[in-house]
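1. here is my input; please provide its structure:
(2 chains)
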Amino acid sequence: MHRREALKNVAFLLGGAISASTMGVLFESFTLPENEKNFVSFSVQDQKIFAEFADIIVPTTKSSAGAKAAGLGKFIPMMMQDCYPKEMQTSFARGFKQLQDKSMQDYKKNYVSLTVPERTKLMVDLRLMSIAQKDTKSEENKDLVYFFVTARDLTLLGYYSSEIGCTKAREYVLVPGRFDGNTKLKPGQKSWAT
Amino acid sequence: MNLNTNLKAENTYDAIVIGSGISGGWAAKELTEKGLRVLMLERGMNIEHITGYETAMKNPWDFEHAGKLTEEQKRTHPVQKRDYPYSEANEKWWVNDLECPYTEDKRFDWYRGFHVGGKSLMWGRQSYRLSDHNFEDNAKDGHGSDWPIRYKELSPWYDYAERFAGISGSKENWSTCPDGEFLPPMDLNIVEKSVKARIEEHYKRERIMMIGRVANLTVPHKGRGNCQYRNLCSRGCPFGAYFSTQSSTLPAAMATKRLTLRPYSIVNHIIYDKDTKKAKGVMVIDAETNKTMEFYAKIIFVNGSTLGSTFILLNSTSDAHPNGLGNGSGQLGHNLMDHHFRCGASGDAEGFDDRYTYGRRANGIYVPRYQNVGNDKRDYLRGFGYQGGASRSNWQSDVAELSFGSGLKEKMTKPGNWTMGLGGFGEMLPYYENKVYIDKTKKDKWGQPVLAIDCEYKENEKKMRVDMMNDAAEMLEKAGMKNIRTYDAGCYPGMAIHEMGTARMGNDPKTSVLNKWNQMHEVNNVFVTDGACMPSIACQNPSLTFMALTARAADYAVKELKKNNI
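-> Coordinates of the predicted model:
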């Protein structure tokens, strides 16, 4: 719906310069004008990779389901396409490709076929690589590091604003109704989602 | 010919109110309640109370982008996106900057909302009276022109505005920030109580800290529900628990059956009648059809927001008023001011690990101005107040660590540290050279010329910012906070969304645009009662003062009308 609203604004600005049928296309079919197309695209198969990747960052634990169940497989590529400038989209997409290459190189398997310990080990590598790159500022692995850091950010953002993240991992009340500025923190009490 | 006569009669009212925000809503309420037939013109869309607040009851997971802006929204809102208020949750309520451009001779962040209710729907709701310190500062230090009124003249109108709007707060008997007619105050949390006690003890109550005075109801009031502690005010409140045009003044005006509200009505200029030397009406552009039309009235209240109002006046030129309506003084468009902020300090509160909070209080603390008062002397003029508060954050991952897995997840579901912050809000002096004027080289979506803004902070503000950081750090230290960090995130005029001035009040028609009743010196049936009228801005949040000035001006206008003086 937000994309639709945004497009509506574009059409408004063009005003009388575009035909009624084009206006109809913009509003009704969501067809994007050429220069508005998302710079990179991700497939359904890619969504599975994102879901598994995010689930290593926020796994299922005793208290609550993890990132995969919270829908991060779709959320990450959607956010990348809608909310990031094209240079970042392309860097992210290159890094995403390198992640899959690394999986083949290190384990001779595609990412989705890796076991959880293998995916975890791979992410440990990415983490160390990213920390090291901060000091060296090396151009090598730049895209892979950008991918890891950004996918991790988006996973945390998406998970802790998801229904599972808010209501199962944390605690959420839509309408508190009152304010108490001095409650006793009970053992094991979760933090408020908002 | 008959058609025209009929149209004229149909389009004629006792009063026209331009704008439907905080001050416009008050003007409509007061004028209709005093018996006038009023037309309120709003340039943007209508938003119905409650049903128009589409995101008010949404959960965090109901938003597609987790509250973030898309690239397309950033492209169409290059100004609105500069700071936090424009977000996924209420993005419809901020203007598309491409449709209504303006010229920045110097950077000025102009936040605008074109819809019924204006910024009364998105405002911060902090509500403080000005004091005689503020009304006298211009006369004492020679900056700007003297206020034509003093506190005792506005005090009863503050009472009146507070009683209707519903302001919660505590009485403090503090000279720079007078007490009012308050609903019960919200609570301070446990850390804020400790900080308050230690600051007031250390400074022997020469500095105080209180709960914010806020236009959120702590008890039901005049048919409106009390605050539910959701802290989602900027999406509109389905409980009517904070003051807005929709929750408060519009229903009161509508109840008289004398109000006509017309959305999508952009006032292009005020029509001046050289024979009567009065304004006879306004020329309106329909924002949807671009058709122009005229409306007529005996009095006109201009409440289009500080710069919106001044644009209309500057754009209302005639042989008698070649430089803008009522601009014989040459002051119209000058002396633009805004608060400067985004600097202060924060620290960690230790010893409260077993304490937490319930509910999301839509309010913080307030430290009213104490500088350049009594024995406190600074190397700059005027002063600042602090807003802020203590909160227990969610545990935040140290991004540098880039950790992941069940350990990170476990930590992120636990409450984090208590922190306490103080952020200064400083007064900006009136400078003649800080100005707006009409730029005819650009046009907006409706073919109107645009405003150019040329405004900057100067030495006095820069000096004050040093103290805004250091005093905050010192007070937090005295209050026992640890790991204190000062910050100055930089500030440009407009960011506080407290822009004021450009059509100032004063006693002398040679140096001011409006008289002590917010009435134009030169066109006595035109009143300007929004932020444009302010000869100085103090450091307090200003909206309550606009409410009081508007109610006072409306009372005067109707009395003058009845005496046939207008």
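2. could you use CA atoms for every contact and neighbour count after this?
-> Will do.
3. give me the neighbour count for B:Arg125.
-> Neighbour count of B:Arg125, defined by other Cα atoms under 10 Å in any protein chain shown: 24.
4. please verify my assumption that it contacts B:Asn231.
-> No - using Cα atoms under 8 Å, B:Arg125 is not in contact with B:Asn231; the gap is 11.8 Å.
5. the strands in chain A, which residues?
-> Counting by DSSP state E, one finds strands in chain A at the ranges A:180-184.
6. excluding covalently adjacent residues, which one is nearest to B:Val282?
-> In this structure, B:Val282 finds its nearest non-sequential neighbour in B:Ile270, 4.3 Å apart by Cα to Cα, 6 or more residues apart in numbering or on different chains.
7. so the one you found makes contact with B:Met293?
-> No - distance between B:Ile270 and B:Met293: 12.0 Å, which falls outside the contact criterion (Cα under 8 Å).
8. residues shared between the contacts of those two?
-> Jointly contacting B:Ile270 and B:Met293 under the rule Cα atoms under 8 Å, 6 or more residues apart in numbering or on different chains are B:Met283.
9. ok, those two, which is more surrounded?
-> Per other Cα under 10 Å, whichever of B:Ile270 and B:Met293 has more neighbours is B:Ile270, with 27 against 13.
10. wasn't the more buried one part of a helix?
-> No - secondary structure of B:Ile270, determined by DSSP: H, G, I helix; E, B strand; the rest coil: strand, with no helix assignment.
11. that one: what's it in contact with?
-> B:Ala279, B:Lys280, B:Gly281, B:Val282, B:Met283, B:Ile312, B:Leu313, B:Ser316, B:Leu325.
12. and the fourth one, helix, strand or coil?
-> Which is B:Val282. The local conformation at B:Val282, judged by three-state DSSP, is strand.
13. and the residue nearest the centre of chain A?
-> A:Ile76 (2.1 Å; Cα atoms, centre = their mean).
14. B:Lys463: which element?
-> Following DSSP states H and E, one finds B:Lys463 within helix B:459-478.
15. helices or strands up against that helix?
-> Applying 3 or more Cα pairs under 8 Å, 6 or more residues apart in numbering or on different chains; DSSP states H and E, one finds that helix B:459-478 contacts helix B:190-202, strand B:343-349, strand B:415-426, strand B:482-488.
16. quick one: residues contacting residue 123.
-> Because you didn't say which chain, this covers chain A. Per Cα under 8 Å, 6+ apart, neighbours of A:Met123: none.
17. can you look at chain B instead?
-> B:Trp123 makes contact with B:Ser234, according to Cα under 8 Å, 6+ apart.
18. quick one: pLDDT of it?
-> As predicted, B:Trp123 sits at a pLDDT of 97.
19. for chain A, see how far away it is.
-> Distance, B:Trp123 to chain A, by Cα to the nearest Cα, to the nearest Å: 20 Å.
20. that residue - that's part of a strand, no?
-> No - assessed with three-state DSSP, B:Trp123 is coil; it does not lie in a strand.
21. thought B:Val528 was touching B:Asn518?
-> Yes - if you go by Cα under 8 Å, B:Val528 and B:Asn518 touch, sitting 5.6 Å apart.
22. comparing the two, which residue is more hemmed in?
-> Taking other Cα under 10 Å, B:Val528 and B:Asn518 do not tie; B:Val528 has more neighbours (34 against 30).
23. what's that one sitting at in phi/psi?
-> When read as degrees, to the nearest 10, the backbone of B:Val528 gives phi -120, psi 110.
24. remind me which residues of the chain are low pLDDT?
-> Unless you meant another one, I'm taking chain A. Chain A contains residues with pLDDT under 70 at A:1-38.
25. hmm, I had chain B in mind actually
-> In chain B, residues with pLDDT under 70: B:1-7, B:396-400.
26. where do the helices sit along it?
-> Counting by DSSP state H, chain B has helices at residues B:2-10, B:22-33, B:71-76, B:132-141, B:151-165, B:190-202, B:250-255, B:306-314, B:406-412, B:459-478, B:543-562.
27. could I get those helices as JSON lines with mean neighbour count?
-> Below are the helices of chain B laid out as JSON lines (neighbours: other Cα atoms under 10 Å in any protein chain shown):
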{"stretch": "helix B:2-10", "mean neighbour count": "11"}
{"stretch": "helix B:22-33", "mean neighbour count": "29"}
{"stretch": "helix B:71-76", "mean neighbour count": "19"}
{"stretch": "helix B:132-141", "mean neighbour count": "17"}
{"stretch": "helix B:151-165", "mean neighbour count": "18"}
{"stretch": "helix B:190-202", "mean neighbour count": "19"}
{"stretch": "helix B:250-255", "mean neighbour count": "18"}
{"stretch": "helix B:306-314", "mean neighbour count": "24"}
{"stretch": "helix B:406-412", "mean neighbour count": "18"}
{"stretch": "helix B:459-478", "mean neighbour count": "19"}
{"stretch": "helix B:543-562", "mean neighbour count": "21"}
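28. any chance of these in JSON lines, with distance to A:Glu52 too?
-> Shown next, in JSON lines, are those (distance: least, Cα to Cα, whole Å):
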{"stretch": "helix B:2-10", "distance to A:Glu52": "67"}
{"stretch": "helix B:22-33", "distance to A:Glu52": "51"}
{"stretch": "helix B:71-76", "distance to A:Glu52": "27"}
{"stretch": "helix B:132-141", "distance to A:Glu52": "61"}
{"stretch": "helix B:151-165", "distance to A:Glu52": "53"}
{"stretch": "helix B:190-202", "distance to A:Glu52": "42"}
{"stretch": "helix B:250-255", "distance to A:Glu52": "53"}
{"stretch": "helix B:306-314", "distance to A:Glu52": "52"}
{"stretch": "helix B:406-412", "distance to A:Glu52": "14"}
{"stretch": "helix B:459-478", "distance to A:Glu52": "45"}
{"stretch": "helix B:543-562", "distance to A:Glu52": "51"}
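29. who wins for proximity to B:Asp83 among the ones you listed?
-> Judged by Cα to Cα, the one of these that comes nearest to B:Asp83 is helix B:71-76, at 11.4 Å.
30. give me the number of residues near the spatially closest residue to B:Pro238 that is not a sequence neighbour?
-> The spatial neighbour of B:Pro238 that comes closest, neighbours along the chain excluded (Cα to Cα, 6+ apart), is B:Ile50 at 4.7 Å. When counting by other Cα under 10 Å, one arrives at 15 neighbours for B:Ile50.
31. in contact with B:Ile50, which residues?
-> B:Ile50 touches B:Gly236, B:Cys237, B:Pro238, B:Phe239, B:Gly240, counting by Cα under 8 Å, 6+ apart.
32. show the buried residues in those.
-> Neighbour counting by 16 or more other Cα atoms under 10 Å in any protein chain shown classes B:Gly236, B:Cys237, B:Pro238, B:Gly240 among the contacts of B:Ile50 as buried.
33. show me what contacts the nearest residue to B:Ser234 once chain neighbours are set aside?
-> Excluding its sequence neighbours, the residue lying closest to B:Ser234 (Cα to Cα, 6+ apart) is B:Met122, at 4.6 Å. Residues near B:Met122 by Cα under 8 Å, 6+ apart: B:Cys233, B:Ser234, B:Arg235, B:Gly236.
34. phi first, then psi, for B:Met122.
-> phi -110, psi 0.
35. circling back: scan the contacts of B:Ile270 and report the most crowded one.
-> The most crowded member of these, judged by other Cα under 10 Å, is B:Leu325 (27 neighbours).
36. for that residue, give me phi and psi.
-> Dihedral angles for B:Leu325 - degrees, to the nearest 10 - are phi -60, psi 130.
37. in contact with it, which residues?
-> B:Ile270, B:Leu313, B:Leu314, B:Asn315, B:Ser316, B:Thr317, B:Ser318, B:Val523.
38. from those residues, which is closest to B:Lys440?
-> When these are compared against B:Lys440 (criterion: Cα to Cα), the nearest one is B:Asn315, at 10.5 Å.
39. hmm, that closest one is touching B:Gly324, no?
-> Yes - B:Asn315 is in contact with B:Gly324 according to Cα under 8 Å; the separation is 6.0 Å.
40. about what we covered before: PyMOL command to pick out the buried ones of the contacts of B:Met122?
-> Typed into PyMOL, the line below selects the buried ones among the contacts of B:Met122, using 16+ other Cα under 10 Å:
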select buried, chain B and resi 233+234+235+236
